[in-house]
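Engineer: I would like to see how this sequence folds:
(one chain, ligands or ions: 1)
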Amino acid sequence: MPSLSTCSVLPVQVQLQTQTTYRGITDCMVKTYHHESPLGFVKGMSFPIASIAVVNSVLFGVYSSALQVLTATSHQERRAQPPSYTHVFIGSCTGGSCRPFMLLSLQAYCLAPFDLIKVWLQNQTEEPKGKSGSPPPQYQGPVHCAASVFQAEGPRGLIRGDCALTLRDNPTLGIYFVTYKWLCRQFTPDGQNLSSGTVLVAGGFAGVTSWVTATPLDVIKSRMQMAGLRQRVSARREGLGVFFQGLSINSARAFPVNAVTFLSYNYLLHSRG
Ligand SMILES: C[N+](C)(C)CCCC[C@H](N)C(=O)O
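Structural biologist: Numbers count the residues shown, from 1 in each chain. Sure, this is the predicted structure:
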C-alpha cells in the first residue's frame, strides 16, 4: 500500500532537528530557498519514495497478522467482534507473538538505511546546479551516499540509529493504531458502518498523536544518524524544546498523509470482503 507519508517527511523538519543554526521554520525555509532553490525542499526524497511501499506494507501486514494471532479471529470476525485496545496495542507495537515481532523489527531494519540516507541527503546543502563557485554537494544522490557510508563504516554504518528508530517506532505505533481504533469507535454509532469521513479524521489524528509522542526520540535518532553520539542533544544548552523540533511542520504533514493512509488501508481491507 504505497503511501507518500515518509517521503513527504520534509527536509525542513530534519534540518530543524539536527542543526542549531536556524531560528525556526520560517528562517529554515527562507534560507533553504535562497541557498538551494525550491529543489532544496525535496532533496533526499527518492529513497523514501522507493521504500515507503515496502515499509507500510510490512507495518500494516504485521499489524493485521499480529491481531489474527492474538485474537484467533479473522478480519471478518473482527468486524462483528472488535479486538480490545490491549490487543490492538500489543499487535501494533510489539508484533504480538515472536514471528510477527521479528517482522516488526524487520520493518525498523528495512527503514533504517533508507532513513539514514534521507537524513544525510536532507542535511547537505545542495547549491543550485551551475551556480558559479559553489562546491558540489558531498553526495551525488542516495546510491552514492549509501556506497560512501558502506565504504567508510561497513554495513553497520547503514543502520546507525536503528536502536533509536526501533525505540521511537514500537511504542508509538501502539499509540498510532489505538488512537485510530478509539476515534473510529467514538464517531461510529452502534450498528452503523464506518464512514470514510470518520476514517480520514481518525487516521489524521492518529498520525499527529503518534508523532507528538515519537518526536523526542526522532530528534535523538536524527542526531545519532548525523554525528553518532558525538553530537548529543543537550536540553540544558538547547532547552527542552529541542526534543520537539520540527513537530509542528511534521504534524501539518502527518494529518493529511495518515488520513489517506488509513483510508487506503480500510479500502483494501474491505475490498477483500
Ligand atoms: C510511529 N511513528 C510515529 C514513528 C510513525 C507513525 C506514522 C507513520 C506514517 N507513515 C507517517 O510517516 O506519518
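Engineer: Which residue ranges of the stretch 51-200 of the chain form helices?
Structural biologist: Along the stretch 51-200 of the chain, the stretches classed as helices by DSSP state H, counting those that start in this stretch are 75-80, 85-93, 98-123, 142-153, 155-158, 162-187, 196-227.
Engineer: Would you mind putting these into CSV with mean pLDDT and distance to V55 alongside?
Structural biologist: In short, each C-beta sits where N, CA and C put it, glycine included. Converted to CSV, those look like this (pLDDT from 0 to 100; distance: least, CB to CB, whole Å):
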stretch, mean pLDDT, distance to V55
helix 75-80, 78, 22
helix 85-93, 86, 14
helix 98-123, 68, 5
helix 142-153, 90, 15
helix 155-158, 88, 15
helix 162-187, 91, 10
helix 196-227, 93, 15
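Engineer: Take these and lay them out in JSON lines including mean neighbour count and distance to the ligand.
Structural biologist: As requested, these are arranged in JSON lines below (neighbours: other CB atoms under 10 Å; distance: least, CB to the nearest ligand atom, whole Å):
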{"stretch": "helix 75-80", "mean neighbour count": "12", "distance to the ligand": "21"}
{"stretch": "helix 85-93", "mean neighbour count": "21", "distance to the ligand": "9"}
{"stretch": "helix 98-123", "mean neighbour count": "21", "distance to the ligand": "9"}
{"stretch": "helix 142-153", "mean neighbour count": "15", "distance to the ligand": "18"}
{"stretch": "helix 155-158", "mean neighbour count": "13", "distance to the ligand": "19"}
{"stretch": "helix 162-187", "mean neighbour count": "20", "distance to the ligand": "4"}
{"stretch": "helix 196-227", "mean neighbour count": "21", "distance to the ligand": "4"}
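Engineer: of all these, which lies closest to L39?
Structural biologist: Among those, helix 98-123 comes nearest to L39, with 11.7 Å by CB to CB.
Engineer: export the helices of the stretch 51-200 of the chain to CSV and tack on distance to V242?
Structural biologist: Rendered in CSV, the data for the helices of the stretch 51-200 of the chain read as follows (distance: least, CB to CB, whole Å):
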stretch, distance to V242
helix 75-80, 41
helix 85-93, 25
helix 98-123, 16
helix 142-153, 26
helix 155-158, 25
helix 162-187, 15
helix 196-227, 7
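Engineer: Which one of these lies nearest to Y33?
Structural biologist: The minimum distance between Y33 and these falls on helix 98-123, with 14.7 Å, by CB to CB.
Engineer: Stretch 253-269: how far from the chain's middle?
Structural biologist: Taking CA atoms, centre = their mean, to the nearest Å, one finds stretch 253-269 lying 14 Å from the centre of the chain it belongs to.
Engineer: For the ligand, tell me whether it is touching it.
Structural biologist: Yes. Applying CB under 6 Å from any ligand atom, one finds stretch 253-269 in contact with the ligand at A254, V257, N258.
Engineer: phi, psi of E238?
Structural biologist: Dihedral pair for E238: phi -100, psi -10, per degrees, to the nearest 10.
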